[in-house]
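1. Based on what follows, work out the 3D shape:
(3 chains)
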Amino acid sequence: MKKRLPVLLILVLLFVIAPVGAQENTLTVLCTPQEDWCVAMTQAFEAETGIATSYVRMSSGESLARLRATADNPEFSVWWGGPADAFIAATEEGLLDQYFSPNAEVIPDQQKDPDGYWTGVYVGALGFCSNVEILDELGIDPPTSWQDLLDPALQGNVAMAHPATSGTAFTAFWTNVTLAADALEREAMEADGMSEEEIEEAMAAGEYTGAGYDEEGFPTEDAIDRAFEYFAQLHQNILQYTRSGSAPGRMAGAGEIAVAIIFSHDCVKLQVEGFEDILVTTFPEEGTGYEIGGMGIIAGGPEPEAARIWYDWALTPEAQAIGATVNSLQLPTNPDTPVPELSVNLEEVNLVNYNFVAAGMNRTAMAERFDQEIAPQPTE
Amino acid sequence: MTAISPRRYVDQFRRIFQDPILAISLIVVTVFLLLAVVLPILAMIGESTSPEGRPLFAHYLGTSTYQTIISNTVVMGLVVATVGTALGFLFAYVQVKVKAPFKRFMHIVALIPIISPPFAVATATIVLFGRNGLISKGIFGVRYNIYGLHGLTLVLALSYFTVVYLNLKGMMQALDPALEEAATNLGASKWRIFRTVTVPMLIPGLLSSFLLLFVESIADLGNPLVMGGNYEVLSTRIYISVIGLYDTTAAAVFSVILLVPSLTVFIVQRYWIGRMSVVSVTGKPTGTPQLITNRWVRWPLFGLTMFITLLIILIYATIFIGAFTRVVGVNNDFTLDHFDFVINGYGSAAMTDTTTLAAVATPLAGLLGMLLAFLVVRKEFLGRSALDFAGMLGIAVPGTILGIGFLLVFNNPIQLTLPFGGAEPLTITLIPKLTGGRAILGGALAIVIVYIVRSVPAALRAGVAALTQIDPAIEEASISLGADNARTFRKITLPLIRPAFLSGLIYAFARSMTSLSAIVFLTTPQTKIMTHQILNEVENGRFGNAFAYCVILILIVLVAISILYLTVGSTTGAERTLEGGA
Amino acid sequence: MAGNGNARRDSTGDLRLENLSKIFPEREGQGEVRAVNDVSLTISAGEFVTLLGPSGCGKTTTLRLIAGFELPTSGRILLDGKDISMQPPNKRDMSLVFQSYALFPHMTVFDNIAYGLRTAGMPRAQVQAKVNEALAQMDLEGLGERRPNELSGGQQQRVALARSLVMEPRVLLFDEPLSNLDAKLRVQMRSEIRRLQRRLNITSVYVTHDQIEAMAMSDRIVVMNAGRIEQIGTPQEVYRYPQSRFVADFIGRANFIETRVEAVDGEQVTATVLGRTVHVPMEPLPKVNDPLVAVLRPESLYITDDTAGYPAVIEQTMYLGAETEYIVQAEGQALTVIESGLSALRLFDEGQTVGLSFEDEAIHFLPQTESVAV
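-> Numbers count the residues shown, from 1 in each chain, chains lettered A, B, ... in the order given. From the prediction side, this is the model:
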């Protein structure tokens, strides 16, 4: 044993050290969408460019926390996917580098950062993903409004992710902040004696009273408090806050819960992958939030060159078409990319006026408040 | 008298330093434990008592929400410890004292949970007994809510009862049957013997099992994450604080709150229960234990044990079948996709990384454990019991706490700057960055160290137990024949404690392969760990992939155990000849 | 290092202990223990010296100090004039034979004996030759491939001995090596050890609590008590002229009869013992009227008919075959008398009044200074 052991040790050590030694021509991607999409993207990129590409999948809240923690010495070079609010928050904290990709010119203005810190790679709307069998048993219809989710029949039958870790969940949260702000404005305007039409006009023009939105168009504290009230109520029906945004969809598919609050494209993906008769996608009629899946170059990342190559490539129609091959049916941002047949048509959905900048700026504080006020509360 | 003491310590060290290799190994072991165990824990405590941390204590301890979480944690620990100890006792009692069929079978089944990853049981339990469970819904038509304390209790008790079972079984077998025979002679009934002889003799074993389970369950992270529902416990709070908010201060505060019960239990166990050894282990039982044959006792006990045995089988069968099924219960088509994902797909990196790191950590942990045992049992020096204590901390401290400690200490290189008058100050990197991005060896070193730290305690205890059985004269004979301490350790001590070494190695490998809580914060893009990936798959509801991972992980552990048996365990007869030859 | 040739043996192996003390620190409520107290001893090359004493007298600790398993609290150990007090045990050219034999259970007999030689880096062929020679010498031929647990106690003892002897150390140390053997084997082994030691002429330090063993084997005996040396001398010296009541009592059996110095004449002391005035040399000479203790070995006393000798009453008669032991009452105390040979043929009855007598030369005087309680 005296002779065998050291040799074994050295061999094993070499085995570990060897792959780490080579750092040339590599790329490390922080990837937020679903795992199989991450795989398809990195494999395609590696095949196209010859750059050895590895990735870690993290939910967007996790990603943000990780980037913040490792800001001095980032381990990733590019961050791909996940709601833009997280990218805006990262920009605010100086975690991203500016880059004006030539390929970004074709992307619509509202789907990219004017200062070039992030560019949208896909768009998708939030929805409810329900298990029809369970709903049948509970004797209720698929929810079509946020209020429907508060039905006591749904107690312990709803799941969403934790806004601290998940961009999906944060989108759901901010959607409700926006709805609360809108409602406060309407209530204030009604109190001022304005007519329905006048109210609609003012709202569209962004001429606010200050009840729901401040001068900069950011939701007020009251709006935020009202959203927290909603989630405190919803908390009674929540079975579990997952870490990853799309996870509740699987739980609904498996019949563990009735309704999952997830992005509609994640629900469609599940339907395509074997749950077509079980899951149904609905949208809240009050209005739903949506995400612009962002992409940014990480400030001080180890492989800036490769990061830019990825950035340019990810905006091409070819790269954007990869999602559909793994049933990730988000809408591509590059207008030249063919839209997948099964994708949710955003035209048919009532979208809230989602203020990504406000969401991004508030993201960290809100996530923390949610973690302190809502998540740890006991339920009946 | 007091004047003698300092000189005595000087003498002891003079003695150790006579042998450079002994001195170096003592220094290496001490430095390793200081850096890898003590420093991270101190850093974590330091962070929690920082100006930002102190108000958090007041906040967490003073708010009812957090009080609930703390009491949840303690309640869960107590309930799991009670149920788990009862389960272990039941299995051991039936195995040793009751005349029942299928004992061997029940024994083997009871061992399975040791080598399986933490949430294998939880995931399978959801599939079987969840809202849409194959059994709860499929057979009984109930949408049973398994999430919460009762589900956690079931899963944690089944995951951890094995060690209790093995402990109590060993103790019951060592109980001198003469004692019970004496009681029978005095006219006591079986029930009375059980109550007044058997149970009291086992109290230290029961207590220490209870405490062990308590610590294991409050430290567990994977199961509460997967099936805690809204039953929040401290470990999940720590996890969200780090993963979601990267608030290491809050995490440190939660960790200290969690550390208090864990360490208390550890110290009670070590200094109190360790001393009340009631059990008379004679080593030579005088007589054959009388088995219980009364059918009113025998068959209910057998039935209950068999029921749990079958439950365990059912759970592991679910894991196995689930690995080959598209979506259990929803789409029961046979598929190899999950294995394709783990073996050929992007899961393969985690498989090879984890196995490699565990393979590196295993011999190191085994050797370190034996070396520590050797130093602790055979050598006298100042701080010997402190060294023993530090060696055991790796298991006494919840894994999440160790992980956070590592982040706090090793996320930046530890450097020493030497100012030279006017010239450029010289900066020497004492310890490179071990965790996070661009860590040395892609963070693999930190993970290996954590694996070692977590595995050493078991090896250490096994080594100490084995060494105390061996006449020190055998080692002195070697030294007297001209061998130094190193050669003596290699040629005499290690071969003699080979069974302990082997069990240390097996434990180290199994523990490393299945550990989650300590490394969950330490994985990096370069180093992927299976348990972490399983957690991802489970969390995302891709149970098939998780099951495939579990099956492969169990296979790897089994193969590794076989290899260890073949290379290390080849019987030289040393273990059997100990009594006869010495 | 060990393993050098025989040539050196005649001139080296000279062991000296100078004012050696060992204090064990207090532990678990017990105070510190002065296990070895100011022990000085010179052992010449080739000499066989036995440390003899009751358990706890410090003999084993002294041996372990010599071996290097304990470090002295004070004092020095010199081997051939060189101070080795601080040398680690493996560097000392000595080999210890353990009470428990301490054979390596996981090695064959051959490997056990070869262990030290291999450690010293001796070439394979030479090891082979040496071990085979040792096996032959110790009557262990054909057992080389056995494991220790397949041997009898006596064979295990031989292996332990061979393992040490094969190292050809300058000093051989024995820690009660025969105490685990049965009585017959013990007698056989002790003469074997002595024979080997004589032939190889290795300085030997032997620890035992068995006075017969000590008498049978030793060139000199060191009697120890409570950490101190009571007496050093040849077996005859310590038996015939014990320097203390302890030694007299521990080695063999003794009757102590109190008396007083009546006259001092030249080197001789005059005193009355059992009614007879005796003149016995004594050193140092006491003064007239000092209290004395006369040591009389049981076998030095004779029992005669009541007319002659000092009157005594037989209290108990024990017929032991080769000898007969009597307890008699005389001068108000119980004395032990052993009759052997022809005189044992005649048995005296219990209760019979008899006369006690002895040869003047059998008397040995001790000054009555130490406490009576032994």
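2. Flag every residue of the stretch 451-582 of chain B that's near chain A.
-> B:490, B:494, B:523-526, B:528, B:536, B:539-543, B:567-568 (Cβ under 8 Å from any Cβ of the partner chain). The C-beta positions use only the backbone N, C-alpha and C, and glycine is treated the same way.
3. Quick one: buried ones out of those residues?
-> Those of these that meet the buried threshold are B:494, B:523-526, B:528, B:536, B:539-543, B:568, by 16 or more other Cβ atoms under 10 Å in any protein chain shown.
4. Residue C:181: which of those is nearest?
-> residue B:494 (30.9 Å; Cβ to Cβ).
5. Pretty sure the closest one sits against residue B:370.
-> Yes. With contact defined as Cβ atoms under 8 Å, residue B:494 reaches residue B:370; the gap is 6.2 Å.
6. returning to what we had before: quick one: which two of the buried ones among the residues of the stretch 451-582 of chain B next to chain A are the most distant?
-> Within these, B:494 and B:541 form the most distant pair, 47.4 Å apart (Cβ to Cβ).
7. Do you know the pLDDT at residue B:425?
-> On the pLDDT scale, residue B:425 is placed at 68.
8. do the one 5 residues further on as well
-> Taken from the predicted model, the pLDDT recorded for residue B:430 is 75.
9. hang on, it in a strand?
-> Yes. The assignment for residue B:430 is a strand, going by DSSP: H, G, I helix; E, B strand; the rest coil.
10. count of neighbours near it?
-> Taking other Cβ atoms under 10 Å in any protein chain shown as the neighbour definition, residue B:430 ends up with a count of 9.
11. where does chain B have low pLDDT?
-> Along chain B, segments meeting pLDDT under 70 span B:1-8, B:176-179, B:183, B:185-188, B:273-289, B:419-425, B:436-438, B:569-582.
12. Outline the domain layout of it.
-> B:1-48+B:336-582, B:77-335 (automatic domain parsing).
13. Could you give the separation between the terminal residues of the shortest one?
-> Think domain B:77-335. 39 Å (Cα to Cα, to the nearest Å).
14. and residue A:234, which of the domains of chain B is closest to it?
-> domain B:77-335 (12.2 Å).
15. circling back: adding distance to residue A:243, write the domains of chain B out as CSV.
-> As requested, these are exported to CSV (distance: least, Cβ to Cβ, whole Å):
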stretch, distance to residue A:243
domain B:1-48+B:336-582, 5
domain B:77-335, 7
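16. all helices of the chain, in order?
-> As the question left the chain open, I've gone with chain A. Ranges of helices within chain A are A:4-21, A:35-49, A:60-69, A:84-92, A:132-138, A:167-191, A:196-205, A:221-235, A:247-253, A:264-270, A:304-314, A:317-320, A:322-325, A:356-373, based on DSSP state H.
17. not what I meant, chain C
-> So, for chain C - with DSSP H - the helices run C:59-67, C:109-119, C:124-137, C:153-165, C:183-200, C:211-217, C:235-240, C:245-250.
18. Which one of the ones you listed lies nearest to chain A?
-> helix C:109-119 (12.5 Å; Cβ to the nearest Cβ).
19. Tell me what angle that closest one forms with helix C:124-137.
-> Helix C:109-119 runs at 130 degrees relative to helix C:124-137, counting by axes from the mean of the first three to the mean of the last three Cα atoms, to 10 degrees.
20. Average pLDDT for helix C:109-119, rounded please.
-> On average, helix C:109-119 scores 94.
21. For the stretch 1-150 of chain A, which residue gets nearest to chain B?
-> residue A:75 (2.3 Å).
22. since we're on that residue, how many residues are nearby?
-> Residues lying near residue A:75 (other Cβ under 10 Å) number 22.
23. Just the pLDDT for residue A:11.
-> Value for residue A:11, per-residue pLDDT: 51.
24. Break down chain B into its strands, ranges please.
-> B:325-327, B:331-334, B:414-418, B:426-431 (DSSP state E).
25. is any part of the first one close to chain A?
-> Meaning strand B:325-327. Yes. Applying Cβ under 8 Å from any Cβ, one finds strand B:325-327 touching chain A at B:326, B:327.
26. So which elements touch that strand?
-> On a contact count with 3 or more Cβ pairs under 8 Å, 6 or more residues apart in numbering or on different chains; DSSP states H and E, strand B:325-327 meets strand B:331-334, helix B:543-567.
27. which residues are contacting it?
-> Outside strand B:325-327, the residues that touch it by Cβ atoms under 8 Å, 6 or more residues apart in numbering or on different chains are A:253, A:254, A:274, B:331, B:332, B:333, B:334, B:335, B:337, B:543, B:544.
28. Could you export those residues to CSV, including columns for distance to residue B:117?
-> Below are the contacts of strand B:325-327 laid out as CSV (distance: Cβ to Cβ, whole Å):
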residue, distance to residue B:117
A:253, 23
A:254, 20
A:274, 25
B:331, 24
B:332, 24
B:333, 25
B:334, 23
B:335, 21
B:337, 20
B:543, 13
B:544, 15
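29. Can you pull the residues that touch both of residue B:494 and residue B:370?
-> Shared contacts of residue B:494 and residue B:370 (Cβ under 8 Å, 6+ apart): residue B:501.
30. do you know how far residue C:193 is from residue B:409?
-> 60 Å (Cβ to Cβ, to the nearest Å).
31. domains for the chain, by residue range?
-> All of this is about chain A. Taken from automatic domain parsing, chain A resolves into A:28-123+A:291-352, A:125-289+A:359-373.
32. that's the wrong chain, I wanted chain C
-> C:7-240, C:253-367.
33. Out of those domains, indicate the one that is most buried.
-> domain C:7-240 (a mean of 19; mean count of other Cβ atoms under 10 Å in any protein chain shown).
34. Report whether that one contacts chain B.
-> Yes. Using Cβ under 8 Å from any Cβ, domain C:7-240 reaches chain B at C:23, C:25-26, C:31-32, C:67, C:69, C:71, C:73, C:86-90, C:94-96, C:98-106, C:115-116, C:119-120, C:147-149, C:156, C:160, C:163-164, C:167, C:173.
35. If we check chain A, which of those residues are in contact?
-> Applying Cβ under 8 Å from any Cβ to the residues of domain C:7-240 next to chain B, none is adjacent to chain A.
36. Restricted to strands, list these.
-> Using DSSP E, those in strands are C:23, C:94, C:95, C:96, C:173.
37. For the second one, which non-adjacent residue is spatially closest?
-> Beyond its immediate neighbours in the sequence, the residue positioned closest to residue C:94 (Cβ to Cβ, 6 or more residues apart in numbering or on different chains) is residue C:171, lying 4.3 Å away.
38. Is the one you found in contact with residue C:14, as I believe?
-> No. Applying Cβ under 8 Å, one finds residue C:171 not in contact with residue C:14, separated by 9.4 Å.
39. any shared contact partners between those two?
-> C:79, C:203.
40. Could you tell me the model confidence score at the residue of the stretch 201-350 of chain C found nearest chain A?
-> Per Cβ to the nearest Cβ, residue C:202 is where the stretch 201-350 of chain C lies closest to chain A, at 32.1 Å. For residue C:202, the pLDDT comes out at 91.
41. do the same with the one 3 residues further on
-> Model confidence at residue C:205, expressed as pLDDT, equals 95.
42. if we can go back for a sec, could you measure from the residue of the stretch 201-350 of chain C closest to chain A over to chain B?
-> In this structure, residue C:202 and chain B are 14 Å apart, going by Cβ to the nearest Cβ, to the nearest Å.
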